[in-house]
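**Student:** build me a structure from this.
(2 chains)
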Amino acid sequence: MIPSAFDYAAPATVAEALGVLADAGDDVKLLAGGQSLIPVMKLRLADPAMVVDLGRIGELSGVRDDGDALLIGAMTTHHQIATDPLIAEHVPLLAKAAATVADPQVRHRGTFGGALVHADPAGDMPAPVLAADATFILAGPNGERRVAAADFFQGYFTTAVDDGEILTHVRVPKYAGWGAHYEKFTRVAQQWSIVAVAAMVRVDGGTIAEVRIGLTNMASTPLRATAVEQALVGAPLTRESIATASAHAAEGTDPASDLNGDAAYRRHLAEVLTKRAVIAAAGL
Amino acid sequence: MTIAEVGRARLRKEDAHLITGRSRYTDNMTLPGMLHLAMVRSPFAHAKITSIDASAAKSSPGVVAVLTGADVAAQQGSLPNAWPITPEQKAPAHPAIAVDAVAFAGEVVACIIARSAAAARDAVELVDVSYEELPVVLDLEEALKDEVLAHPDLGTNKSATWIFDSGEAGTGKAISEALEGAEVLIERTFYQQRLIPAFMEPRSTVVDPTGEQITVWSATQIPHILRLMLALTLGIPESKVRVIAPDVGGGFGGKLQVTPEEAITVLAARHTGKPCKYTETRSESLMAAHHGRAQVQKVKLSATKEGIVTGLDVHLLADMGAYLGLVTSGVPILGAFMYNSIYKFPAYRFECTNLFTNKAWTDAYRGAGRPEATFAIERLMDELAVELGIDPLEVRKKNWITHEEFPFTTVAGLEYDSGNYEAATAKAVELFGYDELRAEQALRREANDPVQLGIGISTFTEMCGLAPSRVLGALSYAAGGWEHAQVRVLPTGNIEVVTGSSAHGQGHETAWSQLVADRLGVPFENVEVLHGDTQTSQRGLDTYGSRSLTVGGMAVLAAADKVIEKAKVVAAHMMEASEEDIEFTEGKFSVKGTDQSTALGEIAFAAFSAHNLPDGFEPNLDSDATFDPQNFSFPHGTHLAAMEVDTETGQVTIRKYVCVDDVGVVVNPLIVEGQVHGGLAQGIAQALYEEAVHDDAGTLVTGSFVDYLVPSAPDLPHFTTARTETPSTTNQLGAKGVGEAGTIASTPAIVNGVLDAVRHLGVTDIKMPCTPSRVWAALEEAKTTGGVQ
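**Tutor:** Alright, predicted model coming up:
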């Protein structure tokens, strides 16, 4: 398991990293924890000429209160996301999803931003971030730009991040008074999600006032379960109404078939898991 | 009074170095001037090699040489198959490096030798191999048709057919009688999926050709057999080969092999005259180390309306893969004697057809033949119970050998020396809460609960202690089944035990120390166990088949007994008494009826100084013993699994697992417990998780641990383990062996439990592994075909 030879840079600031990227040409990969990049390099499925390690850029790590939102550094580890008090208070969905990523070793090495830019359809962080309507902050040669979550994920392993750009932070709105749950379905504990559902629910009286649902691994990108959301808003807070609405979970999805199940099975799982995620998020 | 060592749950003495990183695995070996190897492997499952251009690789920085099959054709011989099960058995030549053609994806076609592992790996991609692709045969039913041949030169895919017939053998009636007159006939086909042993330490070999002997370090279970086979295969005098198995990180049968990579490393070291190292990647290990199981079992069970089994007919198709490895062909035969299990039905026929396919070859994997047999009979007993509407435990009770009936000669011709199936089952039922769980199951069914409960039963036995040499001879195996040991008494009275067993995780250092400490009455700490080096342990047949304690351990005890006999002679001389009057207890030799005594340590020093020994006495106490078992041993047990099936998703969860194993007398309960836990994990893995899957071209799809799902701690439940103890009568300790028990027993317990949970919904079978998608699909299919509600 030896990768091809590559050049290595470990800049200390975002500005320095952008400079390295500008000089490096296009055959370059950013190392942001390396839990996916290193294995594919060792398997020689990727052989970049240069690897730029973001691990020493302190400004990219940590969670800050930013008024009506949290500002999460791209190099914040999954473990930090899972245990950070600000996230637990304002966007517990992220903490719950991060706690399910792989195993403790991976959660201590792998990063929030790294997982989002890697954009594996089976990854656990994209769907919650999409459901939470986050904004991605990218630094590039021409300064900073912001991309809405709905525009960020573009296809298999493809995002809005251009060559020469670095995802620095993700801005996630606060969800005061919402319940959250991440319902993940795997065969063994450390496995990638076969299907998973991220749900946030705001209940008002006996009624579902607002709901946001993200689907993991139901297409080449994370998806919102829009039809379920529409069916649930204003619906009575009962298991029956949630089950009825969840029957729409597979609408607009395009899941893959693989050893863990075919597309029909995944569509079925999406319905069951959506029901369970919403019930749990609503505290039923 | 000293505390008895046998039966004491000692922590393992080897663990301190293994878990603190002070280990010496083969890949840790670094020798001066050492070169590194990387293999070029075929991406095709079946192809002719039309040309190999290695010129670019040869001129790549750091590359010393590139070896192709053509380069070593004259030296590489053909890798050994030690078990030609019939005189007519067909087998293709098995070159370490393919010469003209490849027969599975992952076969080595060239070897890079370079100054660093990185340089070797870089050059792999520079070797230009031209292939002419050939059609592949992957499926056993297809292989049987002989339309596409895995080896066209062989003219057939059939390697051998092997038959056991109780009517012809005189061990029972003819099966035809039983089947024709059957009041109840259960006919099923079971699929034993292909598994990958997935030991933790990948295979690695270091060869130093620079001394008088060629020294081979290898991650192997079988240093002694490897030495002999490398010598025979490569035409090197056996006396010129030394094999060392240093710390070895697991094997499960997967390192019971003479591998192409081992042979290639020897060839490369001889070619360059320098030490060479090869360590496989995990991907290579999954692709090209031998696989296991891979059988289709067509079985018919006949019984009376009362549930008394009258006969069993087994037709087996066994996937050899592309070649015959060391014992590939014999694995199904090891199962042939176990299909009747603990039951005493009168007629049995077994017919196995060994078939070649274009996949990695199969060979021993934990249980080797016996898990497959146990699965089939335990599944059938449940099917019979369903057919007759009686409790599956009752069906087993109606048919099992009762404890008064031992020794019992089975319909397969084995003599079971001991056992008590009633006792183990009674204990398991109590620990499990069988009646309460049955009541809960009924409630859940009634309530149409989305999570249904099933109870899986497996009352298993197996044959351990491989093996009486005469029996192996009768089965056409090339070697014997004895084991060797030496007990050396050092001048200080410390003891060295040299064993031919080759531990690779089992804990022999601890267990053998306990055996000898007990027998010689010396402190546990004063005993060292040496193994795994053919220069230290000159004779041995190594570790596999739950043989080490019941065969190797008996050799250790026999050698210790010889030490006592020798020491008695010296003791008598020292205390001026006659030998008949010397008694040996707790490490002391005393003269009967007197208070005169002398300790083993004093005698050891007397033997060393040799100043005052009896005339003609050789001045040492060291003793050798070789033990050849007269029979197998037959551990057994009752395993009960409470399985929950989420009918909405198909997800299967083990709610409770109880096993009561009877492994005879136990030397170290902690080690036994560990073996049971690990065995259960592997058996459960076959039932629920693991499967080697190939695409239509014969490429391994489950080529990494992302897709080949090995369960880990969070995936497994708390195991309730307990034991009953019926000593074996065929060895002096009464031990039976525990290395494979958990694996053999658990697979059918789990699958029986899954089916029991959903059978009322119309599901009658689910292929292993019982994945959520398969369980859900079976439930959906039962709905559309109007399954019983």
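**Student:** residue B:514 belongs to a helix?
**Tutor:** Yes. The assignment for residue B:514 is a helix, going by DSSP: H, G, I helix; E, B strand; the rest coil.
**Student:** and residue B:130, how many neighbours?
**Tutor:** 11 (other CB atoms under 10 Å in any protein chain shown). (Glycine included, C-beta is placed from N, CA and C.)
**Student:** quick check: beta-bridge partners of the nearest residue to residue B:536 once chain neighbours are set aside?
**Tutor:** In this structure, residue B:536 finds its nearest non-sequential neighbour in residue B:530, 5.1 Å apart by CB to CB, 6 or more residues apart in numbering or on different chains. Under the criterion DSSP bridges, residue B:530 forms beta bridges with residue B:498.
**Student:** my read is that residue B:530 contacts residue B:556, right?
**Tutor:** No. Between residue B:530 and residue B:556 there is no contact under CB atoms under 8 Å: 11.6 Å.
**Student:** identify the contacts common to these two.
**Tutor:** Common contacts of residue B:530 and residue B:556, defined by CB atoms under 8 Å, 6 or more residues apart in numbering or on different chains, comprise B:497, B:499.
**Student:** give me the number of residues near residue 270?
**Tutor:** You didn't pick a chain, so chain A it is. Residue A:270 has 29 nearby residues by other CB under 10 Å.
**Student:** that's the wrong chain, I wanted chain B
**Tutor:** 17.
**Student:** show me how far the helix of greatest length in chain A is from its chain's centre.
**Tutor:** Ranked by residue count and defined by DSSP state H, the top helix of chain A is helix A:263-281. Centroid separation for helix A:263-281 versus its chain: 18 Å, with CA atoms, centre = their mean, to the nearest Å.
**Student:** ok, stretch A:200-219 next?
**Tutor:** That offset, for stretch A:200-219, works out to 17 Å (CA atoms, centre = their mean).
**Student:** do it and chain B meet?
**Tutor:** No. On the criterion CB under 8 Å from any CB of the partner chain, stretch A:200-219 is out of touch with chain B, staying 13.6 Å away.
**Student:** what's the span of that stretch, first residue to last?
**Tutor:** 20 Å (CA to CA, to the nearest Å).
**Student:** only the buried residues of that stretch, if you could.
**Tutor:** Buried residues in stretch A:200-219, defined by neighbour count with 16 or more other CB atoms under 10 Å in any protein chain shown: A:200-203, A:208, A:210-219.
**Student:** likewise stretch B:526-543?
**Tutor:** B:526-529, B:531-534, B:537, B:539-543.
**Student:** contacts only, for the residue nearest to residue B:536.
**Tutor:** Residue B:530 makes contact with B:496-499, B:536-537, according to CB under 8 Å, 6+ apart.
**Student:** how does the chain divide into domains?
**Tutor:** Chain wasn't specified; assuming chain A. A:7-53, A:58-173, A:179-281 (automatic domain parsing).
**Student:** wrong one, I was asking about chain B
**Tutor:** B:33-199+B:251-367, B:417-464+B:632-784, B:467-627.
**Student:** ok, which of these comes nearest residue A:265?
**Tutor:** When those are compared for distance to residue A:265 using CB to CB, the nearest one is domain B:417-464+B:632-784, at 4.6 Å.
**Student:** and that closest one, is it in reach of chain A?
**Tutor:** Yes. Residues of domain B:417-464+B:632-784 contacting chain A under CB under 8 Å from any CB: B:648-649, B:651, B:688-689, B:693, B:701-702, B:704, B:706-707, B:709-712, B:714-715, B:771-773, B:776-777.
**Student:** would you turn the buried residues of stretch B:526-543 into TSV with pLDDT, secondary structure and distance to chain A?
**Tutor:** Below are the buried residues of stretch B:526-543 laid out as TSV (pLDDT from 0 to 100; DSSP: H, G, I helix; E, B strand; the rest coil; distance: CB to the nearest CB, whole Å):
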residue	pLDDT	secondary structure	distance to chain A
B:526	97	helix	40
B:527	98	strand	38
B:528	98	strand	36
B:529	98	strand	34
B:531	97	coil	30
B:532	96	coil	26
B:533	97	strand	29
B:534	97	coil	31
B:537	96	coil	33
B:539	95	coil	38
B:540	96	coil	33
B:541	97	coil	34
B:542	96	coil	29
B:543	96	coil	28
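**Student:** distance-wise, check the residue nearest the centre of chain B relative to residue B:679.
**Tutor:** Per CA atoms, centre = their mean, the C-alpha nearest to the average position across chain B is that of residue B:366, at 3.4 Å. Separation of residue B:366 from residue B:679 (CB to CB, to the nearest Å): 7 Å.
**Student:** ok, residue A:240 next?
**Tutor:** Taken as CB to CB, the span from residue A:240 to residue B:679 is 46 Å.
**Student:** of the two, who's got more company?
**Tutor:** Neighbour totals were compared for residue A:240 and residue B:679, and residue B:679 leads with 26 against 9 (other CB under 10 Å).
**Student:** measure that one to residue B:294 for me?
**Tutor:** Relative to residue B:294, residue B:679 is positioned 20 Å away (CB to CB).
**Student:** one step back: closest one to residue B:129 among the domains of chain A?
**Tutor:** That would be domain A:7-53 among the domains of chain A, by CB to CB, at 17.0 Å.
**Student:** what about that closest one, how long is it end to end?
**Tutor:** Termini of domain A:7-53 sit 11 Å apart (CA to CA).
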